[in-house]
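>>> Build me a model:
(2 chains)
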2 protein chains.
Amino acid sequence: MSPAPPSCRAKVLAFDVFGTVVDWHSGIARSVQALRPAVDGDRFALAWRAGYQPAMRRVQSGELGWTLIDDLHRLILDGLLDQFGLTDLTEDEKQHLNKAWHRLDPWPDVVAGLTRLKARHTICTLSNGNLGLLTNMAKRAGLPWDCILSAEVFRAYKPDPATYLGVVRVFDVAPAEVMLVAAHQDDLAAARACGLQTAYIERPAEFGSAHPKDISPNPANTWHATDFLALADQLDA
Amino acid sequence: MSPAPPSCRAKVLAFDVFGTVVDWHSGIARSVQALRPAVDGDRFALAWRAGYQPAMRRVQSGELGWTLIDDLHRLILDGLLDQFGLTDLTEDEKQHLNKAWHRLDPWPDVVAGLTRLKARHTICTLSNGNLGLLTNMAKRAGLPWDCILSAEVFRAYKPDPATYLGVVRVFDVAPAEVMLVAAHQDDLAAARACGLQTAYIERPAEFGSAHPKDISPNPANTWHATDFLALADQLDA
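Just a heads-up that it's a prediction; the model follows:
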């Protein structure tokens, strides 16, 4: 389905990462249960992720100085230890658990899809995750990025326009030559407001199979695809 | 030859790019001659490159605001047009020539060497070149970086310590776990002053075969190798 014809060919595809490229819910649930099998992994993953937006807002409002996501993840984790009976974790275990976000697995279509899309486009991340996290993740999972871009480069988190327009500036192209690929309508809306093309990717199990997500199309997006292979079919047919 | 035993295993290898990874001299000479065959390509390449350090110093001193290397290259190019009889270039030709720095070829050992080094280390660029330039270069030449880091990320040019320590911070490791790989002793000396390991790579033809470069070892470096394959032999023997 392609509700709006693209205004021009997208030279650069910029990918949201958590939820769009990798399955954070099952990865985080598995990581906490590997340390403490009694913990409800589903609830724990949802609670940790739920702290993400509020933590970034504390940075955006100026309450916290510029902070890497690794450090925000740790801040949120420390606030959950009591509630989930994890206060006996050693410091090494906490650090290991915090880096579970570096060890997330991609959705099954991702490596093959990115490899196809890379043949005709420059593919990069555009994530609020920090550069080290995204690099470790890519190396472990074999994600073939041409370039890793992050909020860390632009010193602003999505949905700040500085991030979307940062990609435009890095590659010295027109906004419409960049496409944001994401499983989140709010991220895509912010990119669209900056003049980027947008592709919505269905990830119905992002929050776990027990909590199916609304994946209905928004006609404002340039493309809507079930996964990266379907997106490659649409873009490069 | 390994004059000093490494203090620990280098997790991250950060590579200088112009001269170390790619052959700028022959690439630039070829690009200008493709546009105007009468130009002395050797002299032109040397003159363009000679403007690089002074231009960066104008930024570091505050005379110019933060400027990407693409824009510094253009500034220098505009200053050479007269001298090399290139004032008749069209604006499109000038832009194309300026992007010759994106289209430089790697030395013959580079792709195979990086591929070997990538198996046991995180490999990234640490170049004063901008992110777009380095990404376009990598995509064209098949350079398998795990991550592209640049002065653009740290808003400082090498040899500013903020660049070397920026790599340390990005990957959340100790300085001695990062190794700068470069064909330039001054770059390596600055990295060493920040606590990084260093590997010198011989690139005797960096300035063209007519102008052989001093490639004598400096015992202060952790490693000294003829090329990336030899470095892989030494590091991962």
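
>>> Domain-wise, how is chain A divided?
A:12-23+A:105-235, A:24-102 (automatic domain parsing).

>>> Which of those domains sits closest to B:Ile201?
domain A:12-23+A:105-235 (22.7 Å; Cβ to Cβ). (Glycine included, C-beta is placed from N, CA and C.)

>>> hang on, the earlier thing: could you identify which of the domains of chain A is most buried?
Across the domains of chain A, the average number of neighbours (mean count of other Cβ atoms under 10 Å in any protein chain shown) peaks for domain A:12-23+A:105-235, which reaches a mean of 21.

>>> Now do the end-to-end distance for that one.
12 Å (Cα to Cα, to the nearest Å).

>>> what does stretch A:40-57 give?
27 Å.

>>> what's the answer for stretch A:59-73, then?
13 Å.

>>> does it come close to chain B?
Yes - using Cβ under 8 Å from any Cβ of the partner chain, stretch A:59-73 reaches chain B at A:Asp70.

>>> about what we covered before: let me have the domains of chain A in a markdown table, extended by mean pLDDT and distance to B:Leu64.
Formatted as a markdown table, those follow (pLDDT from 0 to 100; distance: least, Cβ to Cβ, whole Å):
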| stretch | mean pLDDT | distance to B:Leu64 |
| --- | --- | --- |
| domain A:12-23+A:105-235 | 97 | 17 |
| domain A:24-102 | 96 | 25 |
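
>>> how about those in a markdown table, adding distance to B:Ser31?
Listed next are these as a markdown table, based on distance: least, Cβ to Cβ, whole Å:
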| stretch | distance to B:Ser31 |
| --- | --- |
| domain A:12-23+A:105-235 | 18 |
| domain A:24-102 | 39 |
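
>>> and B:Asp160, which of these is closest to it?
Comparing those by Cβ to Cβ, domain A:12-23+A:105-235 comes nearest, at 17.1 Å.

>>> Which residues of chain A lie near chain B?
Residues of chain A lying near chain B (Cβ under 8 Å from any Cβ): A:70, A:122, A:124, A:130-132, A:134-136, A:138-139, A:146-149, A:152-153, A:170-172.

>>> Please flag which of those sit within strands.
Residues of the residues of chain A next to chain B located in strands (DSSP state E): A:Thr122, A:Cys124, A:Cys147, A:Ile148, A:Leu149.

>>> Spit out the contact partners of A:Glu21.
Careful, residue A:21 is Val and not Glu. A:Phe15, A:Pro106, A:Trp107, A:Val110, A:Thr125, A:Leu143 (Cβ atoms under 8 Å, 6 or more residues apart in numbering or on different chains).

>>> Could you pull out the strands in chain A for me?
A:12-15, A:122-127, A:147-150, A:178-182, A:197-201, A:223-225.

>>> Which two of the contacts of A:Val21 have the greatest separation?
A:Trp107 and A:Thr125 (14.9 Å).

>>> hmm, back to that, just put the ones in strands among the residues of chain A next to chain B in a markdown table and tack on distance to A:Leu114.
Output for these, formatted as a markdown table (distance: Cβ to Cβ, whole Å):
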| residue | distance to A:Leu114 |
| --- | --- |
| A:Thr122 | 12 |
| A:Cys124 | 11 |
| A:Cys147 | 13 |
| A:Ile148 | 13 |
| A:Leu149 | 15 |
